[in-house]
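> Task: produce atomic coordinates for the following.
(2 chains)
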Amino acid sequence: MGRSQGAGGDGGARRRRWLTWLPVAALLGGAANHFWHVQRDHLSPWLGAGFGMFATSDVGSARSVHVVVGMADGSERAVELPGPFEELLARARALPTREWLGEVAYATRRHLLDATPDVVAGRPLQVRVEVWRTLYEPGTLRASPVRLAAETFTVAADGD
Amino acid sequence: MVGPSPARWVGQLSGWSREELGARLTFLTLLFAPVGDWYVRPAVMSLAALGLLFSDLWRSRWLWTVLTLLTAVRVIQDWPMADNHAYLLAYWCLAFAVALWAGDRESVARNARLLIGLTFALAAWQKGTSPDYANDVFFLTTFILDDRFEDFTVLFTSMTYDQLDAARAYLEADYRAGVYPLEPRRADAGGRRLPRAPRRPSGPPARPVLAGLLLRDLRRRTGPELRLAAPRDGGVPMSRLAADPALVPRCLRDPGVLL
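Numbers count the residues shown, from 1 in each chain, chains lettered A, B, ... in the order given. Model (predicted):
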């Protein structure tokens, strides 16, 4: 509005020049997002658009997901999800946010409905999902587990 | 002579601009190292093949825009599991797309330099600030636990494959030792009730397998007077090693220093 043709042309050229910085901005933005998730959500430094590959022993295989289901009688049972859920477990291990742990909780209900329908059908399930990491002591390499995240979900009978 | 001579190939290459060469090499990469899921992959391969078949197609801003979107879809779908080169591939396709949209092909070279430089700078910074990297824990655990380094470890250290297996059993032993509130490896699919895990015992755990293998191997080679040297304490007597197998990884750190 009110700009001359030349000024508009300059503005267009400037916008185009800025456009060419988009890849670098994407790399820096991705890296910033990575660091934010590493600090806040325990994202594995190996993953998520950062550059921590081969920088730390905090790799997916050094993490584990533990699922514990609370039963109606107050007891707890550990559940190991089978192969088809491996991809989901890998994501929960890598980025143990409440969202991914919730997905694991729902997957647990689906699995238990298939495996032991008489135990869980029609009842809400209390599912605790934990993600642990193995820390190795410098010098001795003595391993010790550290809990990164733990969330408890009540999965309704209809899965909601 | 059948086919073009190497000199002709070089001549043809020298006729290409660096942007064209980069674009064609990227097409080759996308064609022979395809990326993505079953529905992303065919599209990426087809576009890369078209880019190679039609000599001017590498100048198409739409081709690079679609390639950028496809490679981005792949990393978004896989979040957070995509390898880091998957992100870099998307940034690189984006560099071509924006250069062509902006009519500034020179920016491809600038972006290439910046992407490579920033990648290495950030990787170096992340390694430098990682405690595991500085205190050797990363290297020791990686060389022992990572299958990809198995042959390397056997070739460049005195460890044997059996010792590697024993070392892995040692390092992963805590997973099986029941230090978690519940022991998942002993759970079945139906949710069998599990006992409470015992508390972690104080002092070094008894893990004789690795120590036994090492001692047997070393005694056979050097006799009973052998001491394994740990750099900071001037040597670990065999008796202490046998009593405290947790010392073994320290000795593995410098297997060439044997007293």
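> Only alpha carbons, please: show whichever strand or helix holds B:Trp64 as CSV.
Per DSSP states H and E: B:Trp64 is located in helix B:61-78. Output in CSV follows, covering the C-alpha atoms of helix B:61-78 (Å, rounded to 0.1, in the frame of the first residue of the first chain):
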residue,chain,number,x,y,z
ARG,B,61,11.5,-25.8,-7.6
TRP,B,62,8.4,-28.1,-7.4
LEU,B,63,10.5,-31.2,-7.5
TRP,B,64,12.6,-30.1,-4.6
THR,B,65,9.6,-28.8,-2.7
VAL,B,66,7.9,-32.2,-2.9
LEU,B,67,11.2,-34.0,-2.0
THR,B,68,11.5,-31.7,1.0
LEU,B,69,7.9,-32.4,2.1
LEU,B,70,8.4,-36.2,1.7
THR,B,71,11.7,-36.3,3.6
ALA,B,72,10.1,-34.1,6.3
VAL,B,73,7.0,-36.3,6.5
ARG,B,74,9.4,-39.2,7.1
VAL,B,75,11.1,-37.6,10.1
ILE,B,76,7.8,-36.4,11.6
GLN,B,77,6.2,-39.8,11.3
ASP,B,78,9.2,-41.4,12.9
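> Now it: buried residues?
Of the residues in helix B:61-78, B:63-75, B:78 count as buried by neighbour count, 16 or more other CB atoms under 10 Å in any protein chain shown. Glycine gets a C-beta too; all of them are placed from N, C-alpha and C.
> show me the contacts for the residue nearest the centre of chain A.
Centre of chain A computed as the mean C-alpha position; nearest residue by CA atoms, centre = their mean is A:Leu95, 2.4 Å away. Counting by CB atoms under 8 Å, 6 or more residues apart in numbering or on different chains, A:Leu95 makes contact with A:His37, A:Asp41, A:His42, A:Leu43, A:Ser44, A:Leu47, A:Gly48, B:Pro80.
> how much space between the fourth one and chain B?
Here the criterion is CB to the nearest CB, to the nearest Å. By it, A:Leu43 lies 6 Å from chain B.
> and what of the third one?
Here A:His42 is placed at a distance of 11 Å from chain B (CB to the nearest CB).
> my read: that residue touches A:Trp132, true?
No: A:His42 lies out of contact with A:Trp132 (CB atoms under 8 Å); the separation is 10.7 Å.
> what's the overlap in contacts for those two?
With CB under 8 Å, 6+ apart, A:His42 and A:Trp132 have common neighbours A:Leu148.
> Let me know the pLDDT of residue 80.
By default, I'm working from chain A. Among the per-residue scores, A:Glu80 holds a pLDDT of 89.
> wrong one, chain B
93.
> Then B:Gly3?
Looking at B:Gly3, its pLDDT reads 63.
> on that earlier part again, dump the contacts of A:Leu95 into CSV; add neighbour count as well.
Listed next are the contacts of A:Leu95 as CSV, based on neighbours: other CB atoms under 10 Å in any protein chain shown:
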residue, neighbour count
A:His37, 21
A:Asp41, 18
A:His42, 21
A:Leu43, 24
A:Ser44, 25
A:Leu47, 26
A:Gly48, 26
B:Pro80, 22
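> For B:Trp9, state which of those residues is nearest.
Closest approach to B:Trp9 among the contacts of A:Leu95 (CB to CB): A:Leu47, at 39.8 Å.
> Give me the secondary structure label for that closest one.
Assigned by DSSP: H, G, I helix; E, B strand; the rest coil, the conformation of A:Leu47 is coil.
> same deal with A:Phe153?
Under three-state DSSP, A:Phe153 comes out as strand.
> Bridge partners for it, pull those for me.
With DSSP bridges applied, A:Phe153 shows beta-bridge pairing to A:Val127.
> Who are the contact partners of it?
A:Phe153 neighbours (CB under 8 Å, 6+ apart): A:Leu101, A:Gly102, A:Ala105, A:Tyr106, A:Gln126, A:Val127, A:Arg128, A:Val129.
> Name the member of those residues that has the highest neighbour count.
When neighbours are counted by other CB atoms under 10 Å in any protein chain shown, A:Val129 leads these with 26 neighbours.
> Now do the contacts for the closest residue in space to it that isn't next to it in sequence.
Excluding the flanking residues, the one nearest A:Val129 by CB to CB, 6 or more residues apart in numbering or on different chains is A:Leu101, at 4.2 Å. Applying CB under 8 Å, 6+ apart, one finds that A:Leu101 lies in contact with A:Ala92, A:Val129, A:Val131, A:Ala149, A:Glu151, A:Phe153.
> just to confirm, which helix or strand has A:Leu101 in it?
helix A:98-115.
> next one: that helix to chain centre, how far?
With CA atoms, centre = their mean, to the nearest Å as the basis, helix A:98-115 stands 14 Å off its chain's centre.
> Could I have the CA atoms of the very next helix or strand once past that helix written out in PDB?
Per DSSP H and E, the first helix or strand lying C-terminal to helix A:98-115 is helix A:117-120. The C-alpha trace of helix A:117-120 is given here as PDB (Å, rounded to 0.1, in the frame of the first residue of the first chain):
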ATOM      1  CA  PRO A 117      -9.800 -61.100  28.600                       C
ATOM      2  CA  ASP A 118     -11.400 -62.700  31.600                       C
ATOM      3  CA  VAL A 119      -9.200 -60.600  33.900                       C
ATOM      4  CA  VAL A 120      -9.600 -57.200  32.400                       C
END
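> quick one: helix A:117-120 near chain B?
Yes: judged by CB under 8 Å from any CB of the partner chain, helix A:117-120 and chain B are in contact via A:Val119.
> Check what pLDDT B:Ala124 gets.
What the model reports as pLDDT for B:Ala124 is 97.
> helix/strand/coil for it?
Reduced to three states with three-state DSSP, the structure at B:Ala124 is helix.
> separation between it and chain A?
8 Å.
> tell me the contacts of that residue?
B:Ala124 touches nothing, counting by CB under 8 Å, 6+ apart.
> Go through the buried residues of helix B:61-78 and say which is closest to chain A.
Nearest to chain A among the buried residues of helix B:61-78: B:Val75, at 7.5 Å, using CB to the nearest CB.
> Contacts only, for that closest one.
With CB under 8 Å, 6+ apart, B:Val75 has these contacts: A:Ala49, B:Ala82, B:Ala86, B:Tyr87, B:Ala90.
> just the residues you listed now: which is nearest B:Leu21?
B:Ala90 (20.5 Å).
> For chain A, give the helix that spans the most residues.
helix A:22-41 (DSSP state H).
> what pLDDT, on average, does it get?
97.
> now the angle from it to helix B:61-78?
If you take axes from the mean of the first three to the mean of the last three CA atoms, to 10 degrees, helix A:22-41 sits at 10 degrees to helix B:61-78.
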